[in-house]
Each structure stands twice: as structure tokens, then as C-alpha cells.
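> Sequence and predicted structure, then a few things I'm wondering about:
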Amino acid sequence: MTKSRGINRPKAVWTDDQLETLRRLYSNYRTEDIAFLIGHTLDSVYRKANSLGLKKTAEFVAAQSARQLNRPDHPARESRFQKGLVPWNKGVKGVAGVQEACRATHFRPGQQPHNTLPIGSTKFDKSGVLLQKVSNAPGNGSKRWRAVHELVWVRENGPVPPRHIVVFKPGMKTNVLEEITIDRVECISLAENMKRNTRHNLPPELNQIVQLKAVLTRQINKRMKHGQEEHR
């Protein structure tokens with residue numbers, strides 16, 4: 001570990017009593033007052049409170065905000081609504097004709113966008129896997145789109161078991177709809193899938209390239225770190 005050589009400030013030391021005081025007071029008292037009481041800098045108190053997950057209560061924050069707004073020099077006072085001021089749009093329900101035009105473009109309950117694809121449509125995801133639309137359910141896209149190879153397996157075998165995944169058998173992957181058949185896919189555990197994708201299963205020459213790349217990356221990072229330390 002590289003020493004700071006006196007450049008960095010000494011690390012603040014907290015006693016058990018100081019920590020107990022901080023936990024007890026932080027939620028409902030000003031941080032400046034707590035720092036003065038404990039004997040630590042304001043920054044040190046903020047950092048320690050953050051590391052302990054301490055937060056101000058909503059009531060304290062609201063009270064502090066109200067107190068700040070009541071200051072005569074607070075800039076927000078100039079833009080506040082004054083007592084008795086009538087809003088310029090009081091009683092205005094909308095301009096005739098504009099409301100009717102807006103209604104024509106409103107979405108109705110259950111209405112789908114004009115570019116919604118029908119159920120059964122297919123598309124490719126970012127990795128080139130062929131997906132098929134299975135529903136118009138709102139929310140996450142995974143509720144509407146499923147991988148075709150998974151659907152093929154499910155039609156033959158039922159739901160995918162927990163902690164399992166449907167994949168193509170080695171060397172049989174395809175994204176052509178007609179070629180995705182039950183003999184090309186299988187259901188394996190997540191652990192087995194991880195084993196299949198480890199670098200140890202790569203061809204020897206490719207495995208060596210991966211190892212060399214990792215060594216090169218470590219050397220580059222080491223040299224960059226060394227150069228940064230010399231310029232401090």
C-alpha cells in the first residue's frame with residue numbers, strides 16, 4: 001500500500017461514545033450542532049452518517065426548509081405567491097376547439113399504439129436471438145416476447161424448471177425460424193450453462209489468446225498506476 005507521505009489528512013478516529021451520540025441525534029438535530037458537540041469536523045460527521053446509513057427525518061427536513069424560507073433574504077421569497085393574489089388562469093377550463101382537438105389524440109383505455117406488432121410476430125434481440133411475441137401484456141418486454149427456441153421446448157415439455165434455462169445444443173444454434181426444432185434445443189441447469197461458457201471449453205489457441213489478453217491488461221493497468229503515482 002502506498003503511503004500518503006503526509007499529503008492526506010489523518011483519518012478521523014471515532015469512539016464508541018461518539019458513534020452512539022451520532023446515531024441518537026443525527027435524525028432530528030442540525031449536523032453542525034452535532035459536529036460541535038462530538039468534536040469532529042462537519043465533513044467527517046457527514047461521511048460517518050452516510051456510511052452508517054443515517055438519515056434526517058421528514059419532519060426535521062420540513063422544519064428546516066420552512067425556517068430557511070422564512071429568512072428575509074431568501075431568494076425564493078421574491079417568487080412566492082402573495083396573499084390575495086389571483087392566478088391568471090383562474091376559472092379557465094381551456095380554449096374552445098383546442099380541447100376538442102386534444103381529445104381526438106387521447107389514448108383510450110386498452111388502446112394500443114399504431115405501431116404495435118400483433119401476437120405471433122418475430123424479431124431479433126441485440127444478441128441475434130429470434131424472439132416471438134406471445135402477448136400484449138403491459139410492463140417489461142419479457143412478458144410480451146419470448147425466445148423461439150424456449151417456446152419450442154416448452155410446447156413439448158411444459159414450463160422451464162426453476163434455475164434452468166433452454167439453450168441450443170452445442171453446434172446447433174440458429175436464428176432461422178423454420179430451423180428451430182425440438183431436436184436442436186435442450187433444458188440445462190444454470191450451473192451447467194456456466195460450465196459450458198467458461199474459457200476452459202474454448203479451443204486451445206483461443207484459450208491462449210484469452211489468457212494473453214488478461215496478462216496484457218494487468219500489465220497496462222500496473223504501468224498506468226505506477227505512472228500516476230510518479231506524478232503525484
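Happy to help now that I have it. A quick note: this is a predicted structure, and the numbers were derived from the prediction, not measured. Residues are numbered from 1 along each chain as shown.

> going forward, measure contacts and count neighbours with C-alpha atoms only.
Will do.

> For the chain, name the helix or strand with the lowest mean pLDDT.
Within the chain, no helix or strand scores below helix 98-104, which has a mean of 63 by mean pLDDT, DSSP states H and E.

> any idea how far the residue positioned nearest the centre of the chain is from W153?
The chain has N140 as the residue nearest its centroid, 14.6 Å off, counting by C-alpha atoms, centre = their mean. Per C-alpha to C-alpha, to the nearest Å, N140 is found 22 Å from W153.

> helix/strand/coil for the residue of the chain positioned farthest from its centre?
Largest separation from the mean C-alpha position in the chain: G84, at 45.5 Å (C-alpha atoms, centre = their mean). Secondary structure for G84, judged by DSSP: H, G, I helix; E, B strand; the rest coil, is coil.

> who touches it in this structure?
Neighbour list for G84: empty [criterion: C-alpha atoms under 8 Å, 6 or more residues apart in numbering].

> Just the pLDDT at it, thanks.
Looking at G84, its pLDDT reads 76.

> likewise R218?
Listed pLDDT for R218 reads 77.

> number of nearby residues for it?
12 (other C-alpha atoms under 10 Å).

> R24 now?
There are 12 residues near R24, going by other C-alpha under 10 Å.

> ditto for the one 5 residues further on
Residue crowding around Y29 was assessed by other C-alpha under 10 Å; the count is 16.

> Tell me the spacing between it and R23.
11 Å.

> Quick check: neighbours shared by those two?
Counting by C-alpha under 8 Å, 6+ apart, nothing touches both Y29 and R23.

> Give me the domain ranges for this protein.
Domain assignment for the chain by automatic domain parsing gives 16-73, 122-197, 201-230.

> Turn those domains into a markdown table, columns for distance to K90.
Formatted as a markdown table, these follow (distance: least, C-alpha to C-alpha, whole Å):
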| stretch | distance to K90 |
| --- | --- |
| domain 16-73 | 26 |
| domain 122-197 | 38 |
| domain 201-230 | 63 |
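
> any chance you could map the strands in this protein?
Taking DSSP state E, the strands of the chain run over residues 122-124, 130-133, 145-147, 164-168, 185-189.

> shaky segments in the chain?
Scanning the chain for pLDDT under 70 picks out 1-10, 69, 72-80, 92-114, 199-208, 210-211, 227-232.

> switch to 80 and redo it
Residue ranges of the chain with pLDDT under 80: 1-12, 65-115, 139, 196-218, 221-232.

> In it, mark out all the helices, start to finish.
In the chain, the helices defined using DSSP state H lie at 16-25, 31-38, 42-52, 58-69, 98-104, 148-157, 190-196, 204-230.
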